[in-house]
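S.K.: give me a 3D structure for the following:
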Amino acid sequence: MIVSNVNFTNENLIKYEKQLGMPIFNTQDILVMNMKKVTIFLSSPKVSIETLELFPNLELVLCTSSGVDGMPLEYLKNRGIALVNSKGIHVEFMSEYAIGAMLMVARGFIYSIQQQVNNVWNQQVTALSMLNNCTVAIIGTGMIGTSIAEKCKFFGMKTIGVNRGGKNVPHFDQIYMNTDLNQAVESADYVIVVVPLTNNTQKMITKEIFSAMKKEAVFINISRGLVIDESDLVYALDNSYLKLAILDVFQEEPLPSSSPLWNNPKIIITPHISGDIANYMDFVMTKFSNIINDCQDEATISAIDYELGY
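M.R.: Below is the predicted model of the structure:
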């Protein structure tokens, strides 16, 4: 039996129940379900221990997001419950976002949009460039980072990757370890962060790293807000350590209207949409359906490593 804290429309609920091959109960339906029969919990990006404790025979938690920093990992580990996230479905969404963000800067769309708001025609608003022959440093060489690198090679870019062990990965011209991050970013025209949030990656991008970047570099974060120190980023932009930041994720979400990030002319904000698409849940349910109905090995392969946090 599956129980979920995700709110589905009636139409989608019927569709996904058929796809998964079993009924989906909502956590609010406690009075009409046998909680001992619940073995699978279909979860939004956050769930409380108190909720999970209602179901004594849980074997598997399916998280609809890729990031699992909102999940009680230690609790799940201690109970021996496997956790599978939506890893893999965001690859095309997020890699296209990254390419689009770079093109928006290189071809001047960002500045043209700003001019249009003020009815201004100025062909010299910015120095236009190409992605061809530029260097991109991608911090995180997993599935998404590798897809970004592959697309960057199509545009003729040099690709630098950063990962924990310095392991070589396809589509990267050069790889650095996390400990050499400042060296990895110093020649990059674009720096893209796409690592999971763990104890090791929290605030890994600080003033020291920003100061190592080129003054014309563009910083793009599609990872998690807590991976960077936002105050250090603002300081770096205000002091021209780098040219521009495009941020899709933030330390506090939704980003408060009082945040100074909104009014910083060197920051472009998108509301955590790099990994989203109109029919997002259809992609998620296709993956989860394969795990539930077809392949137990796939569940094992896709399970979160509790020691690593991803």
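
S.K.: quick one: the strands in the protein, in order.
M.R.: Ranges of strands in the chain, per DSSP state E, are 2-4, 24-26, 40-43, 60-63, 82-84, 135-139, 158-163, 174-177, 190-193, 218-221, 244-247, 267-269.

S.K.: could you export the ones you listed as a markdown table, including distance to Tyr97, mean neighbour count and mean pLDDT?
M.R.: For the C-beta atoms, the positions are set from N, CA and C on the backbone; glycine is no exception. Shown next, in a markdown table, are those (distance: least, C-beta to C-beta, whole Å; neighbours: other C-beta atoms under 10 Å; pLDDT from 0 to 100):
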| stretch | distance to Tyr97 | mean neighbour count | mean pLDDT |
| --- | --- | --- | --- |
| strand 2-4 | 28 | 22 | 96 |
| strand 24-26 | 30 | 18 | 94 |
| strand 40-43 | 24 | 24 | 97 |
| strand 60-63 | 21 | 23 | 96 |
| strand 82-84 | 24 | 21 | 95 |
| strand 135-139 | 13 | 27 | 99 |
| strand 158-163 | 17 | 23 | 98 |
| strand 174-177 | 23 | 16 | 98 |
| strand 190-193 | 10 | 27 | 99 |
| strand 218-221 | 9 | 26 | 98 |
| strand 244-247 | 9 | 22 | 98 |
| strand 267-269 | 12 | 18 | 98 |
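
S.K.: dump the ones you listed into a markdown table; add distance to Trp121 as well.
M.R.: Shown next, in a markdown table, are the strands of the chain (distance: least, C-beta to C-beta, whole Å):
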| stretch | distance to Trp121 |
| --- | --- |
| strand 2-4 | 52 |
| strand 24-26 | 54 |
| strand 40-43 | 51 |
| strand 60-63 | 48 |
| strand 82-84 | 52 |
| strand 135-139 | 31 |
| strand 158-163 | 35 |
| strand 174-177 | 42 |
| strand 190-193 | 28 |
| strand 218-221 | 25 |
| strand 244-247 | 22 |
| strand 267-269 | 22 |
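
S.K.: so for Pro254, which of those sits nearest?
M.R.: strand 267-269 (10.9 Å; C-beta to C-beta).

S.K.: pLDDT wise, what is Ile301 at?
M.R.: Looking at Ile301, its pLDDT is 66.

S.K.: and what of Val194?
M.R.: 98.

S.K.: could you measure from it over to Ile205?
M.R.: 12 Å (C-beta to C-beta, to the nearest Å).

S.K.: one more: Pro56?
M.R.: Distance of Pro56 to Ile205, given as C-beta to C-beta: 42 Å.
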